[in-house]
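*Asks:* task: produce atomic coordinates for the following.
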Amino acid sequence: MIMLLRKNQELSLKERFLNLNFIFIGIIILLASIGCITLYSVAGGKLSPWALNQAVRFGMGLLIMLIAALIQPEFYYKIATPFYIFTLVLLIIVDTVGHIGMGAQRWINLGFFNLQPSELMKIAIVLELAKYFSLTSYENIRTIKGIIIPVILVAVPVAFVMLQPDLGTSLMLLFCAVAMFYLAGVQWWKFALGAGAVIAATPVLWHFLHDYQKNRILTFLDPERDPLNTGYHIIQAKIALGSGGLWGKGFLSGTQSHLNFLPEPHTDFIFTTYSEEFGMMGGALVLFLNLILISYGYWFAFRIHNSNYFGKMVILGLNTNYFLYVFINIAMVTGLLPVVGIPLPLISYGGTVILTVMTSFGIMLSFYTNRDRELKK
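*Replies:* Numbers count the residues shown, from 1 in each chain. The predicted structure is shown next:
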């Protein structure tokens, strides 16, 4: 990797490319390869219907990531507010005329592709909050008045996502925003106050949950309460994880997924599919690669020029969003959290998710390659 020698000067396109972190990119490619291999196995040793499509989508995502990485950071500062408004409009559209699938109205059917605006909002909300915090003094952020606007910026899209309904994505948006608030300097007692208000309002919030969401929470607390219905998914997932043992049953030999005992073995529960065939060591490899990837992301943030607060916050927000994907999915399929329908990025089959995650990586790399210069606003 070429180190930057020209402090606070713009780099040429070639210099930006040569200063990309290729170890970071290599780990991304390795995780995506594991995903394609697992999807090939889930389909019974066939490229269709998932593995080939996933490979094509990842190829598109890789191209998008490289383009996003080579764009100057100032571009992301300028589009933060317009992109947030545009994505919010998409959320309103999807709540009114969106495509319905699996009991939820979360997509806009573009004919060749089902667009999920809530995934785009995960990028938009990070950019907008980072811009707000970069324009606001530290003293103002520590006041109640100073956080009213960012709270509204978060509350509005979260409410629209809840209406779809999509509890998992709305919680991810909320948790990512909370992390950014904390990193921006909001005092801990305000989080405690907010958590207390949520706990106090739990009986009211429970009333507004859909029946399947209530069942997911009750099943999380006691999976055996309905083993043939609501508890079936998590019980089968645990069986698959346990039956894999230390080294797994072998490639193409996972019985739980191939005999259709596992729910959604190619999306939300793909980690159990993979772990059944490659065992605890295979699962540990996926966790280790993700740990390195996430660690690199936080390291990127701390390498940014001190004056580029916007860039630091963007990387921290996007990397935290990726961390939440991995943490919630793994905790969900192992029974540590309720089942909320969060995929494992780069490995689970999906369109919008893989493209938005790759775009996020590209934005992070853009700020990292330009880490030694100030942001020109």
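
*Asks:* what are the boundaries of the strands in the stretch 1-150 of the chain?
*Replies:* When secondary structure is read from DSSP state E, counting those that start in this stretch, the stretch 1-150 of the chain shows strands at 99-101, 104-109, 114-115.

*Asks:* mind telling me which of those the model trusts least?
*Replies:* In terms of average pLDDT, strand 99-101 trails the rest of those, at a mean of 57.

*Asks:* all helices of the stretch 51-200 of the chain, in order?
*Replies:* Secondary structure of the stretch 51-200 of the chain (DSSP state H, counting those that start in this stretch): helices located at 51-70, 73-97, 117-135, 138-141, 148-162, 167-184, 188-200.

*Asks:* I should have written the stretch 201-350 of the chain there, sorry.
*Replies:* Using DSSP H, counting those that start in this stretch, the helices of the stretch 201-350 of the chain run over 202-208, 211-221, 232-243, 255-258, 270-303, 309-333.

*Asks:* quick one: the ones you listed as CSV, columns for mean neighbour count too.
*Replies:* C-betas here are computed from N, CA, C, even on glycine. Formatted as CSV, the helices of the stretch 201-350 of the chain follow (neighbours: other CB atoms under 10 Å):
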stretch, mean neighbour count
helix 202-208, 9
helix 211-221, 15
helix 232-243, 19
helix 255-258, 20
helix 270-303, 20
helix 309-333, 23
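
*Asks:* between the ones you listed, which one is closest to Ile64.
*Replies:* Closest to Ile64 of these is helix 309-333 (CB to CB; 14.2 Å).

*Asks:* quick one, the helix or strand that the closest one is followed by and helix 51-70 angle?
*Replies:* Next helix or strand after helix 309-333 toward the C-terminus (DSSP states H and E): helix 352-369. If you take axes from the mean of the first three to the mean of the last three CA atoms, to 10 degrees, helix 352-369 sits at 30 degrees to helix 51-70.

*Asks:* how about the nearest residue to Gln9 once chain neighbours are set aside, phi and psi?
*Replies:* Closest residue to Gln9 apart from its sequence neighbours, by CB to CB, 6 or more residues apart in numbering: Arg373 at 6.3 Å. Reported as degrees, to the nearest 10, the phi and psi values for Arg373 are phi -130, psi 160.

*Asks:* ok, now Pro165?
*Replies:* For Pro165, the backbone dihedrals are phi -90, psi 150 (criterion: degrees, to the nearest 10).

*Asks:* what count of nearby residues applies to it?
*Replies:* 18 (other CB atoms under 10 Å).

*Asks:* could you do Ile148 as well?
*Replies:* Count around Ile148 with other CB under 10 Å applied: 10.

*Asks:* do the same with Glu264
*Replies:* Neighbours of Glu264 under the rule other CB under 10 Å: 18.

*Asks:* angles on the backbone of it, please.
*Replies:* Glu264 adopts backbone torsions of phi 40, psi 60, taken as degrees, to the nearest 10.

*Asks:* which residues touch it?
*Replies:* Counting by CB atoms under 8 Å, 6 or more residues apart in numbering, Glu264 touches no other residue.

*Asks:* what count of nearby residues applies to Trp247?
*Replies:* Trp247: 12 neighbours (other CB under 10 Å).

*Asks:* for it, give its distance to Leu262.
*Replies:* Per CB to CB, to the nearest Å, Trp247 is found 20 Å from Leu262.

*Asks:* try Ile71
*Replies:* Note on Ile71: its distance to Leu262, by CB to CB, is 40 Å.

*Asks:* and these two? Which one has more around it.
*Replies:* Neighbours per residue, other CB under 10 Å: of Ile71 and Leu262, the larger number sits with Leu262, 25 against 15.

*Asks:* residues in contact with that one?
*Replies:* Neighbouring residues of Leu262 by CB under 8 Å, 6+ apart: 236-237, 240, 256, 269, 272-273.

*Asks:* got it, and Gln256?
*Replies:* 236, 239-240, 243, 262, 265, 272-273, 276.

*Asks:* and if we set it to 7 Å?
*Replies:* Neighbour list for Gln256: 236, 239-240, 243, 262, 276 [criterion: CB atoms under 7 Å, 6 or more residues apart in numbering].

*Asks:* so, low pLDDT: which residues of the stretch 1-150 of the chain?
*Replies:* 1-8, 98-105, 111-113 (pLDDT under 70).

*Asks:* any idea which of the contacts of Leu262 is the one closest to Gly351?
*Replies:* Nearest to Gly351 out of those is Phe269 (CB to CB; 18.2 Å).

*Asks:* hmm, back to that, which of the helices of the stretch 201-350 of the chain sits closest to Met172?
*Replies:* For these, proximity to Met172 was assessed by CB to CB; helix 309-333 is nearest, at 5.1 Å.

*Asks:* distance between the closest one and the chain's centre?
*Replies:* With CA atoms, centre = their mean, to the nearest Å as the basis, helix 309-333 stands 6 Å off its chain's centre.

*Asks:* for it, packing partners?
*Replies:* Judged by 3 or more CB pairs under 7 Å, 6 or more residues apart in numbering; DSSP states H and E, helix 309-333 is in contact with helix 73-97, helix 117-135, helix 167-184, helix 270-303, helix 352-369.

*Asks:* switch the cut-off to 8 Å
*Replies:* Applying 3 or more CB pairs under 8 Å, 6 or more residues apart in numbering; DSSP states H and E, we find helix 309-333 packed against helix 73-97, helix 117-135, helix 167-184, helix 232-243, helix 270-303, helix 352-369.

*Asks:* relative to Tyr309, which of the helices of the stretch 51-200 of the chain is closest?
*Replies:* helix 117-135 (4.7 Å).
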